[in-house]
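Engineer: after the sequence you'll find the predicted model.
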Amino acid sequence: MTRGRRAFRSLFTCLASAAAIAGAVHAAEAQDRPLKIIAVLGPLGDPFFSAMEKGAKDAAKASNVEFEYTAPNGFDNLAQDLARLIDVGAARRPDAMVIGNFIPDAENEGIRAAVAAGIKVVIVNTGSGNWSELGAVSYVGEDATATGRKAAELHLANGAKSGLCVNHVPGNPGTESRCSGFKAGMEAGGGRAKVLSLPYSSQGNPQQIVQAIAGELMSDRSVDALYTLGSGIAANALQAVEDNDAAARVKVGTSDFSRQTLEALRDGKLAFDLDQQPYLQAYYGVQIAAQYLKYGMHPIGVVTTGPLTITKDNVGEALKPGVSPYRGAM
Amino acid sequence: MGPMDTNNEGAVRLAAAADRSRIALILSRLMRHPEFGALVGTLAVFAFFAVATAGNGFLAWRGVTGWLNVAAELGIVAVPVALLMIGGELDLSIGSVIGATSVLIATASGLYGVPLWISIALAITLGVGVGLFNGVLTIRTGLPSFIITLVSMLALAGSALGMARLLAGTPNVSLKVEGPLRAVFAGRWQQANVSILWWAAVSLAAAWVLFRTTFGNWVLATGGDARSAREAGIRTDRVKIVLFILTALAAVLVGIIQTMAFNGGEATRGQVYVFNSIIASVIGGVLLQGGYGSPIGVAFGAATFGIVNVGIFYTGWNSDWAQLLLGLLLLAAVLANNLFRRAALSA
């Protein structure tokens, strides 16, 4: 009985002190509640954005902040979806937002409103042109026009004269800039280039994309350099070239990654792959926001993550099993 | 000029008139076939591109296999979709079934090393399951199949994406297949895919079922007038469930073909087939309201779609305008088709 009571008392003391500790921790949290960051980025059905999500989450964990990834479900209603997600995100009063400015005309207003409401904004991936005038802290990403120009340079160095940029998302400012940069680059180097816009009715149907590229290559036999803007399209372009028995004449280079494009690089089928490093874009984006909120520090100007040129010589690193998920290629 | 001559002339005239009426009879008999309008549409579109792409290789083997490959993969789905439309229902979930199949097979065999035939069996089970779900729910709830299959389309697309990202960490999973199964589903002879044979087999089998079997009669009756069909003792509910299973299985087949042909699966692949299979059916002469149509016509519809979609890139014209031309040519094909059907029904 006594023993039991003593045990009970010590248990009570134990519980009481545990409660006291918990209360103290809670009080500390109330003073210094975890920072909350909301991202508005691209659909996770795209492996590219899967890598971005991974980067953002890793950075949030490392910086000990609360983080949420929001994105449209697909690309078909992008402008409205993004504008809505920015408004909804800002209305939830996070401390900072990490936003891809994919469609500036639709997103600028919401971004300005978020900044005006005191939310710190970091622009990532797209939006190198106007991030500072929107009042954002910084921009992390590639210069899409420079990436297109780099693709032209690499093709020209291989002796190409006539380029074709395959735009699978006509109207998207990022893909349009890459194509126009590619065209300008080819022309500056004494060559020429045109743009092949794939219609909506071919989206998500690799067979149709293969045959469209093959048809274009048949109708213009001068083309000796293809530049594609996504990893799936790159694989389709390689097949079209192979089907046309034109591998000796037509070289294929691409932006963005997948296991297939990396293996094609290794096997010497793909000439180059321009990586904009989506994992880093989101990682740095979240980290910059967290560090600015905590310590008031931030990079001055833009943080450039692309284009990182991958060729047969340095593809081995990206193909390592522990590495490839971070590169956006399983 | 004797009376004899006049008689002779009359006989000749009579004979000529008879000839003309025989030609008219053959023509009208031909036009009565529901696939005739679709055939004319395909030939017209082919002639257009044969001229417009002069010398660019559209008529060469490479060009012909190009549009045949596209038409084949579309036709495999469009023909069963057309049967379902003839039976009076729609299926919006086929795109998700294609994407889910490709992810399922690529994840199971590519990531976990499950033998390929087992993952194919799993995919077929998935197809039957989705078909049963669509069919039974449409019958039991009495809701339009548009709604029910919209639900399964969204649910399946979401789970395919979720599972792929959970298990593989990415929505794109690679899978390299060699050996006899590749030959069956993604074999190639020069640039022609084996899917062309599947397309022909599916179309012929569907035509035989629709026009030569009791089940075919039930399908036509179910879509034409479900009430009288039921009064005549036809189990319209079973007919519809079977048709839903067939469309899902066709989508599984295309999913398997694409997974092997393009070395991997993508959760987001295939959605475009929902719309394109309906387009091919309508170009092929199937009535949107059901009860009328022909699988062979739909095979021509898929061919027209393939010719237009691939042909445009052989013209070398500015591709920005491709969709406008696609729209106009499809409109022309459908109008021509309609004209023939009306002529056929009034003749």
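Structural biologist: Received the coordinates, thanks. What you are looking at is a predicted structure, and each value in this text was computed from that prediction instead of being measured.

Engineer: shouldn't A:V166 be in contact with A:A225?
Structural biologist: No - in this structure A:V166 lies outside contact range of A:A225 using CB atoms under 8 Å: 11.3 Å. C-beta coordinates here come from the backbone N, C-alpha and C atoms, glycine included.

Engineer: can you tell me the centre-most residue of chain A?
Structural biologist: A:P278 (3.8 Å; CA atoms, centre = their mean).

Engineer: give me the three-state assignment for the residue in chain A positioned nearest to chain B.
Structural biologist: Nearest to chain B, among the residues of chain A, is A:G215, at 3.1 Å (CB to the nearest CB). Three-state call for A:G215 (DSSP: H, G, I helix; E, B strand; the rest coil): helix.

Engineer: then A:Y139?
Structural biologist: Applying three-state DSSP to A:Y139 yields a three-state assignment of strand.

Engineer: what's around the spatially closest residue to it that is not a sequence neighbour, how many residues?
Structural biologist: Take A:Y139 and drop its neighbours on the chain: the residue closest to it by CB to CB, 6 or more residues apart in numbering or on different chains is A:W131, 4.0 Å away. Residues lying near A:W131 (other CB atoms under 10 Å in any protein chain shown) number 25.

Engineer: over to A:L78?
Structural biologist: Residues near A:L78, counting by other CB under 10 Å, number 19.

Engineer: try the one 5 residues further on
Structural biologist: Here the number of neighbours of A:A83 (other CB under 10 Å) works out to 19.

Engineer: can you tell me how far it sits from B:G88?
Structural biologist: Note on A:A83: its distance to B:G88, by CB to CB, to the nearest Å, is 40 Å.

Engineer: same check on A:G185?
Structural biologist: Distance, A:G185 to B:G88, using CB to CB: 56 Å.

Engineer: go on, B:I196?
Structural biologist: In terms of CB to CB, B:I196 sits 30 Å off from B:G88.

Engineer: higher neighbour count, those two?
Structural biologist: A count of neighbours by other CB under 10 Å puts B:G88 above the other of B:I196 and B:G88, at 22 against 18.

Engineer: next SSE downstream of the helix or strand encompassing B:R29?
Structural biologist: Assessed by DSSP states H and E, B:R29 sits inside helix B:3-32. The first helix or strand that comes after helix B:3-32 along the chain, using DSSP H and E, is helix B:36-52.

Engineer: can you list the neighbours in contact with that next one?
Structural biologist: Here helix B:36-52 makes contact (CB atoms under 8 Å, 6 or more residues apart in numbering or on different chains) with B:30-31, B:58-59, B:283-285, B:294, B:296-298, B:300-301, B:303-304, B:307-308, B:311-312, B:314-315, B:329, B:332-334, B:336-341, B:344.

Engineer: quick one: stretch A:166-177 to chain centroid distance?
Structural biologist: Computed by CA atoms, centre = their mean, to the nearest Å, the chain-centroid distance of stretch A:166-177 equals 15 Å.

Engineer: mind checking which helix or strand residue 128 is in?
Structural biologist: Let's take chain A. For A:S128, there is no helix or strand it lies in under DSSP H and E.

Engineer: the chain in question should be chain B.
Structural biologist: Mapping B:V128 onto the secondary structure by DSSP H and E places it in helix B:116-141.
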